[in-house]
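[1] Sequence plus predicted model, see below.
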Amino acid sequence: MPFTPLFSLLSPSGRTARLSILIYHRVLAKPDPLLPGVPDRETFRWQMRFIRRHFQPLPLSEAADRLRDEQLPSRAICVTFDDGYADNATEALPVLQETGVPATFFVAAGYLNGGRMFNDTVLETVRRLPQGPLDLGPEGLGPREIQANADRLALSGELIMGLKYLDRELRQARAAALAERFGVELPGDLMMCDDQVRQLENAGMTIGGHTLNHPILSQLPDAEAFEEIRQGKYALETLLKRPVRLFAYPNGRPGKDYRPEHTIMLRELGFEAACSTAWGTACRDSDPFQLPRFTPWDQTPLRFGVRLGRNLLGRA
């Protein structure tokens, strides 16, 4: 399929430009049946080669400035990562360097150096549960049976969704209690360490803020939300010894996970642009503090390209 002419038509330059922003979280060393939507290194490699061939990848800060100034090139695209997983440095970075694609990494600074997000605590606990019948009454699920990876995948999803919108400390505690109840030993190296964050920046990548502890901002009092954003920014600036100007909202759905007042907080704290997880593309009229992003989960280059085209059409 002649993707480049199609993308040029759908994503022109100048005043009518459209900016595509991709969102990733992890790149795995090899496929994981419990993370079916997460690309492994080889999948990520062909995706980045596709982007390099058919788009003009830009650093997000540059793209946001050029979009505002109506100077964005045709087929502009940005790559972003959320949360701060260690495989961003070990698996994604070598591919980005090999293909010449810049990326922005939004890091929840409170999880660096051995931290673990609640969803990973749940997933890694379920991964290690014994095969056979389980009593999940204390978790409010009753009896369950694990026989195959599909059972583990379904159970981890059910548990994560049950905890996701609880108070941050409560969901962390309940996830930890699950692991403790089953005597599961969990990995402590899922997230980046300080040196890996520096490694990304030294390689020419951009580091952005993602709060300190990845709370859902809409669930916090305004003062607490402000402090989460401020402390995350301060921690990264202390680590990198430079200003942090970009931000991504945790979970990122407008109106549900963050509100208009949070965009005002970002402006007050000196951020210059921010990303949501609303699907679509950005144009010159887009709010620079609510730039849309989407996740391309397709497993073949043809479907991947079609997905990018549909997103440009607003139909992803």
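    Perfect, I can see it now.
[2] Wait, residue 171 touches residue 164, no?
    Yes. Assessed by C-beta atoms under 8 Å, residue 171 is found in contact with residue 164 at 7.1 Å. Where C-beta positions appear, they are placed from N, C-alpha and C, glycine not excepted.
[3] More neighbours: which of these two?
    residue 171 (22 against 13; other C-beta atoms under 10 Å).
[4] give me the element the more buried one is part of.
    Per DSSP states H and E, residue 171 falls inside helix 168-181.
[5] can you map out the helices along the stretch 101-250 of the chain?
    In the stretch 101-250 of the chain, the helices defined using DSSP state H, counting those that start in this stretch lie at 118-128, 149-163, 168-181, 194-202, 222-240.
[6] Reformat those as CSV; add mean pLDDT and distance to residue 105.
    Below are these laid out as CSV (pLDDT from 0 to 100; distance: least, C-beta to C-beta, whole Å):
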stretch, mean pLDDT, distance to residue 105
helix 118-128, 96, 17
helix 149-163, 94, 23
helix 168-181, 92, 22
helix 194-202, 98, 6
helix 222-240, 98, 10
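[7] Determine which stretch of those is the most buried.
    For the helices of the stretch 101-250 of the chain, average neighbour numbers computed from mean count of other C-beta atoms under 10 Å are highest in helix 118-128, which has a mean of 22.
[8] helices and strands around it, which ones?
    When contacts are defined as 3 or more C-beta pairs under 8 Å, 6 or more residues apart in numbering; DSSP states H and E, helix 118-128 sits against helix 149-163, helix 168-181.
[9] tell me which residues in stretch 7-18 are buried?
    Under the neighbour-count criterion of 16 or more other C-beta atoms under 10 Å, stretch 7-18 has 7, 10, 11, 12, 13, 17, 18 buried.
[10] and of those, the nearest to residue 228?
    Nearest to residue 228 out of the buried residues of stretch 7-18 is residue 18 (C-beta to C-beta; 31.6 Å).
[11] Was I right to think that closest one contacts residue 313?
    No. Because the distance of 9.8 Å does not satisfy C-beta under 8 Å, residue 18 is recorded as not touching residue 313.
[12] Find residues that contact each of the two.
    Contact criterion C-beta atoms under 8 Å, 6 or more residues apart in numbering; residues shared by residue 18 and residue 313: residue 10.
[13] And the strands in the protein?
    Assigned by DSSP state E, the chain shows strands spanning 20-24, 56-57, 76-83, 103-107, 132-136, 142-146, 206-209, 246-248, 273-275.
[14] Nearest to residue 119, out of these?
    Among these, the nearest to residue 119 by C-beta to C-beta is strand 76-83 (9.7 Å).
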